[in-house]
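> here you go, sequence then predicted model.
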Amino acid sequence: MKTVIIGGVAGGATAAARLRRLDENAEIIIFERSGYVSYANCGLPYYIGGVITDSEELTLQTPESFRERFNIDVRVRHEVLAINPQEKTVSVQNLISGEIFDEPYDKLILSPGAKPVLPDMEGVDMDRVFTLRTVEDTFRIHEYIKTHDVKTAVIAGGGYIGLEMAENLTERGISVTIVQRPDQVMAPLDYDMACQIHGMLREKGVGLMFRRSVTGFKEAPKGIFTLLKDEEPLQSDIVILAIGVSPDTALARNAGLKLGIKGSIVVNEKMETSAEDIYAVGDAIQVKHSVTGDDALISLAGPANKQGRIAADNICGLDSSYKGSQGSSVIRVFDLTAATTGINEKTAKAAGIDYDKIVLSPLSHAGYYPGASAMTVKILYERDTLRLLGAQITGYEGVDKRIDVLATAIGCGLRADLLKDLDLAYAPPYSSAKDPVNMAGFIIENINSGLMKQFHWDQIGALPGDKSVTLLDTRTPYEYNAGHIDGFINIPVDELRDRIDEIPQGKPVYVMCQSGLRSYISCRILSQKGYDCYNFSGGYGFYETIICEQRAAANVYPCGMKR
């Protein structure tokens, strides 16, 4: 049997290796348009930033190593021009010699990936405007910075590539400004969680220009102008276009394969397309979101590798199925780590899901062990069934560990309150006896059982300003004087029992502390004394980050920020 694979990066390379492990006698050919195969897309920005110094480290395999280890014929700089399903051939051009030939197949795997979105606007093809997809793109940017006096850069787009490029260019001493139409970076995060990334970017000197529309590019006296709608243009030495990716599916479209959202290739759970003996994997395909069940595009390396393995299994007669994508991801932005899995509030609302949420701000490990730092954990769950829907975490240590636990819990269908029962590893340098994931389960159980009621940061503005409610801050006087919300009176939690008469009976009490723990303890005291008490989700530190970002975005610089 002969299998031809179009595209030799994550999905295609994985499929090829799996095919060989299952069938030693199969003929396997990979056609790759670029000059490299099995390269680490996610590592490309770090070569530009100098974190990865050896260019050879970007490629996990070479055509030669594929041949030696797996006996696979890898042909780089070969572009497939057409798929001919009736003849079961592909038309291929050797980009070095120019030769065009037809290659027959028994089975065909499409792994063309996704391509950067190139808007139809003036100047997008200028030599100072770059996109980042391939190793060649990386070398082009790296060489330009090396040979030119690049001091400033505009990045159009605040997704994963945009953020990683912002970090790496900044670390090289280049002044960076991110420009984009939405009001936040990293779309999988909700706005309140993204604010913590915004704060880190601003702290490191990255300029953020939200709610701006890029309309084109023009040559500047020294550099390039990024043109903005209804605003003065931005001048920089280079521009990185990172406004998103789209499925690279022209071959599939021309071959008559069934396409889905945004032109993606429709496949079934066995990775089969609408054409017999043709499979597709990776960023070019439409998948089912495992939480909502809706069609989705999820461009991540993990799913692509799994899909390549599944396609190979089915070609070799095994019964293997893809269960859907959950969208688990993690990113480092300077000192901060942000991670997400499942769906966020925007998606839950769009899907019509009746959800609830919690926000907690635990320490990364035992507080008495040196070096503990706070993280912010946000979890969404279905209100009636307690089905876990999604999680988002930002912090400095232990974020990846907790998001993986929560991703596993969501994937296995664990009920949200049962997070409290997970038996997780503990030692003071790594965690607390009550791990943050366990703490989330305790909070959800308390809410579900009626032991705790809560309110959120975006509800503070709607709280009555009259005396129909009591607003209570239970932090220490020192913390309170360092910053508090107008209208909140200060009674430290440790003084609450002795001063409870200062709180009027018969009206709701909204309670806040720094992280949500002391205010919860205060609410338990007050509730058992007959008060209708609401605990502030996430704590004052979480609220302060959001408000500081809102003011910074409006060019009002609080919290010690410099203009």
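Happy to help now that I have it.
> for the spatially closest residue to L424 that is not a sequence neighbour, grab the count of nearby residues.
Nearest residue to L424 in three dimensions, chain neighbours excluded: D435, at 4.6 Å (C-beta to C-beta, 6 or more residues apart in numbering). Where you see a C-beta, it was placed from the backbone N, CA and C, and this is true even at glycine. Applying other C-beta atoms under 10 Å, we find 24 residues neighbouring D435.
> try N481
N481, neighbours per other C-beta under 10 Å, totals 10.
> same deal with K115?
The local packing of K115 (other C-beta under 10 Å) involves 17 other residues.
> surely it and A250 touch.
No - assessed by C-beta atoms under 8 Å, K115 is found out of contact with A250, at 9.5 Å.
> can you pull out the helices in the stretch 401-550 of the chain?
436-449, 477-482, 517-527, 539-553 (DSSP state H, counting those that start in this stretch).
> of those helices, which is nearest V281?
With distances scored as C-beta to C-beta, the stretch of the helices of the stretch 401-550 of the chain nearest to V281 is helix 436-449 (31.8 Å).
> any chance you could list what contacts the closest one?
356, 358, 360, 362, 364, 375, 377, 379, 381, 386, 398, 402, 405-406, 409, 416-422, 424, 434, 452-454, 520 (C-beta atoms under 8 Å, 6 or more residues apart in numbering).
> repeat that for 7 Å
358, 360, 362, 375, 377, 379, 381, 386, 402, 405-406, 416-422, 424, 452, 454 (C-beta atoms under 7 Å, 6 or more residues apart in numbering).
> ok, now stretch 150-157?
Contacts for stretch 150-157 (C-beta under 7 Å, 6+ apart): 162, 165-166, 169, 174-180, 214, 226, 234, 236-244.
> what stretches of this protein score poorly on pLDDT?
Scanning the chain for pLDDT under 70 picks out the ranges 40, 557-563.
> among the contacts of stretch 150-157, which ones are buried?
The neighbour count (16 or more other C-beta atoms under 10 Å) marks 162, 165-166, 169, 174-180, 214, 226, 234, 236-244 as buried among these.
> next, the buried residues of stretch 29-44.
Buried residues in stretch 29-44, defined by neighbour count with 16+ other C-beta under 10 Å: 29-41, 43-44.
> wait, I meant stretch 490-509
491-493, 496, 503, 508-509.
> farthest pair within those?
Using C-beta to C-beta, those reach their maximum pairwise distance at P492 and P508, which is 20.6 Å.
> now the helices for the chain?
Here the chain has its helices, by DSSP state H, at 10-22, 44-48, 63-70, 135-147, 160-171, 191-203, 250-254, 301-315, 345-350, 399-411, 436-449, 477-482, 517-527, 539-553.
> how near is the residue nearest to L424 to N535?
With the distance defined as C-beta to C-beta, to the nearest Å, D435 ends up 21 Å from N535.
> I'd say Q454 and C533 touch.
No - here Q454 does not reach C533: they are 9.9 Å apart, not a contact under C-beta atoms under 7 Å.
> distance from the chain centre to stretch 402-420, please.
How far stretch 402-420 lies from its chain's middle: 18 Å, per C-alpha atoms, centre = their mean, to the nearest Å.
> next, the buried residues of that stretch.
Buried residues in stretch 402-420, counted by 16+ other C-beta under 10 Å: 402-403, 405-407, 409-411, 414-417, 419-420.
> could you do stretch 510-524 as well?
Neighbour-count burial for stretch 510-524 flags 510-523 (criterion: 16+ other C-beta under 10 Å).
> outside of that stretch itself, list whatever touches it.
Counting by C-beta under 7 Å, 6+ apart, 360-361, 452, 455, 463, 469, 471-475, 479, 488, 493, 496, 533-541 sit against stretch 510-524.
> cutoff 8 Å now
Outside stretch 510-524, the residues that touch it by C-beta under 8 Å, 6+ apart are 359-362, 374, 446, 451-453, 455, 463, 469-475, 479, 485, 488, 493, 496, 509, 526, 533-541, 543.
> filter the residues you listed down to the buried ones, ChimeraX style.
To isolate the buried ones among the contacts of stretch 510-524 in ChimeraX, judged by 16+ other C-beta under 10 Å, type:
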select :359,360,361,362,374,446,452,455,463,469,470,471,472,473,474,475,479,485,488,493,496,509,526,533,534,535,536,537,538,539,540,541,543
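> show me the contacts of stretch 510-524 that map onto strands.
359-360, 455, 470-473, 509, 533-536 (DSSP state E).
> widest-spaced pair of those?
It's L360 and T470 that sit farthest apart of the ones in strands among the contacts of stretch 510-524, by C-beta to C-beta, at 23.5 Å.
> dump the buried residues of stretch 402-420 to a markdown table, plus distance to V185.
Listed next are the buried residues of stretch 402-420 as a markdown table, based on distance: C-beta to C-beta, whole Å:
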| residue | distance to V185 |
| --- | --- |
| R402 | 21 |
| I403 | 18 |
| V405 | 25 |
| L406 | 22 |
| A407 | 21 |
| A409 | 27 |
| I410 | 24 |
| G411 | 26 |
| L414 | 30 |
| R415 | 32 |
| A416 | 27 |
| D417 | 32 |
| L419 | 28 |
| K420 | 33 |
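> please verify my assumption that K357 contacts E382.
No - with contact defined as C-beta under 8 Å, K357 does not reach E382; the gap is 10.9 Å.
> ok, the two, which is more surrounded?
K357 (23 against 17).
> and the gap between I178 and L169?
From I178 to L169 the distance is 11 Å (C-beta to C-beta).
> kindly report the same for S264.
Counting by C-beta to C-beta, the gap from S264 to L169 is 31 Å.
> G162 now?
Applying C-beta to C-beta to G162 and L169 gives a distance of 11 Å.
> what sits in contact with each of those two?
Contact criterion C-beta under 8 Å, 6+ apart; residues shared by G162 and L169: 155, 240.
> residues in contact with M126?
Here M126 is in contact with 217, 219, 224 (criterion: C-beta under 8 Å, 6+ apart).
> L58 against N41, yeah?
No - applying C-beta under 8 Å as the test, L58 and N41 come out as separate, 9.1 Å apart.
> what are the bridge partners for the closest residue to G207 other than its chain neighbours, then?
Spatially, and ignoring its direct neighbours in sequence, G207 is nearest to T177 (3.7 Å; C-beta to C-beta, 6+ apart). Bridge pairing for T177 (DSSP bridges) gives the partners V154, G207.
> my guess is T138 contacts L44, does it?
Yes - using C-beta under 8 Å, T138 is in contact with L44, at 4.4 Å.
> shared neighbours of those two, anything?
Both T138 and L44 are in contact with 58, 132, where contact means C-beta under 8 Å, 6+ apart.
> OK, contacts around L108?
Applying C-beta under 8 Å, 6+ apart, the residues near L108 are 3-6, 83, 88, 90, 277-279.
> same thing but at 7 Å, please
4, 83, 90, 277-279.
> now do Q326
When contacts are counted by C-beta under 7 Å, 6+ apart, Q326 is found next to 290-291, 341-342, 407, 410-411.
> what's the nearest residue to it if we skip its chain neighbours?
S290 (4.8 Å).
> look up which residues are beta-bridged to A82.
S91.
> what about it, how many residues close to it?
15.
> check G263 too.
16.
> that one contacts T249, correct?
Yes - between G263 and T249 there is a contact under C-beta under 7 Å: 5.2 Å.
> residue contacts, the closest residue in space to A351 that isn't next to it in sequence?
Using C-beta to C-beta, 6+ apart and skipping residues adjacent in sequence, the residue nearest A351 is T292, 5.0 Å away. Listed by C-beta under 7 Å, 6+ apart, the contact partners of T292 are 343, 347, 351.
> which residue is the nearest non-sequential neighbour of A255?
Here the residue nearest A255, using C-beta to C-beta, 6+ apart, is I83, at 3.9 Å.
> check the gap between that neighbour and R253 for me.
On the measure of C-beta to C-beta, I83 and R253 end up 10 Å apart.
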